[in-house]
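A.B. asks: Got a predicted model here, sequence first, then my questions.
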Amino acid sequence: MNDVANASRIAEGEVWLTSYDQFRAFYENLSNCDPATDVLVAEREGRIVGYGRASWYEELGGQRVYEPTAFIHPEEAPELLDAVTAAMEERCREIAAAHPPGPKVLESEGADGAAVRVSVLLARGYEPVRYSFVMIRPNLDDLSDAPLPDGLEIRDVQPDQLRTIFDAEVEAFRDHWGASVPTEADYRQFLSDPVQGDHTLWNVAWDGDQVAGMVRGYINEAENQSFGRKRGWVENISVRRPWRRRGLARALIGASIRTLRDHLSNPG
């Protein structure tokens, strides 16, 4: 399944992949998804050529969002992607029917290069509602100084701080588009992710015993090997409300780039 997903991403022009360990950890800690009833696998001559997953989450405003995820190997015909998407939509509708009344939507996504995926989704009635962008810094030189606001400090992450950090991130993202109600499975994913869970690459700013903000950067070694590059991801950027508008995010982003640069230069 992971091979199919990664082959699909590469064909669609995506710049990120998932490792086997990352894929396994994700599926061992699925949130609002039962693999026994909510996952479909398509095979041809004993080989997996596609799969789908139905999952859902509840936004803070009460709307429930149902996600009919579908991947097919790029050698397969577009009709298979449509069929898997249709099956997952139907499963999402079955799940939604068992939920209380309220606003409910189907949601999916596609990259700019995913012409087949986008055409399938548009034909099924989806409409674009939000765009996101991947930004690449061509080098790690000429990094400007961006000091932390007074009274804040970045500390090495300790294992007994992980729940506090998770809760702070959830709180900060309450103001983000599509913010959802977290589950314990989400926390287990946070703990078990072998790529994004490497907290030696995180930069967490503290104000006393309070988490003010963070950048949970990461390096996907398997992804870098596949693409023949050295790249770190400055991701999971959040600042809690009391510490906003003070330049904290800028300082943390700069610190994260330096952390990733140092690790890529000296991975041992």
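C.D. replies: Now that the structure is in, tell me what you want to look at.

A.B. asks: now stretch 66-76, how far from the centre of its chain.
C.D. replies: Computed by C-alpha atoms, centre = their mean, to the nearest Å, the chain-centroid distance of stretch 66-76 equals 17 Å.

A.B. asks: tell me which residues of it are tucked away?
C.D. replies: Buried residues in stretch 66-76, counted by 16 or more other C-beta atoms under 10 Å: Tyr66, Glu67, Pro68, Thr69, Ala70, Phe71, Ile72, His73, Glu76. Just so you know, the C-beta spots here come from the backbone N, C-alpha and C atoms, and that holds for glycine as well.

A.B. asks: Columns distance to Ile257 and secondary structure on top of those residues, output as CSV?
C.D. replies: What follows is these, written out as CSV (distance: C-beta to C-beta, whole Å; DSSP: H, G, I helix; E, B strand; the rest coil):
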residue, distance to Ile257, secondary structure
Tyr66, 37, strand
Glu67, 32, strand
Pro68, 36, strand
Thr69, 31, strand
Ala70, 35, strand
Phe71, 32, strand
Ile72, 36, strand
His73, 36, coil
Glu76, 39, coil
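
A.B. asks: Redo those as JSON lines? Include distance to Gly247 and pLDDT.
C.D. replies: Formatted as JSON lines, these follow (distance: C-beta to C-beta, whole Å; pLDDT from 0 to 100):
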{"residue": "Tyr66", "distance to Gly247": "39", "pLDDT": "99"}
{"residue": "Glu67", "distance to Gly247": "35", "pLDDT": "99"}
{"residue": "Pro68", "distance to Gly247": "41", "pLDDT": "99"}
{"residue": "Thr69", "distance to Gly247": "38", "pLDDT": "98"}
{"residue": "Ala70", "distance to Gly247": "42", "pLDDT": "98"}
{"residue": "Phe71", "distance to Gly247": "40", "pLDDT": "98"}
{"residue": "Ile72", "distance to Gly247": "45", "pLDDT": "98"}
{"residue": "His73", "distance to Gly247": "46", "pLDDT": "98"}
{"residue": "Glu76", "distance to Gly247": "49", "pLDDT": "97"}
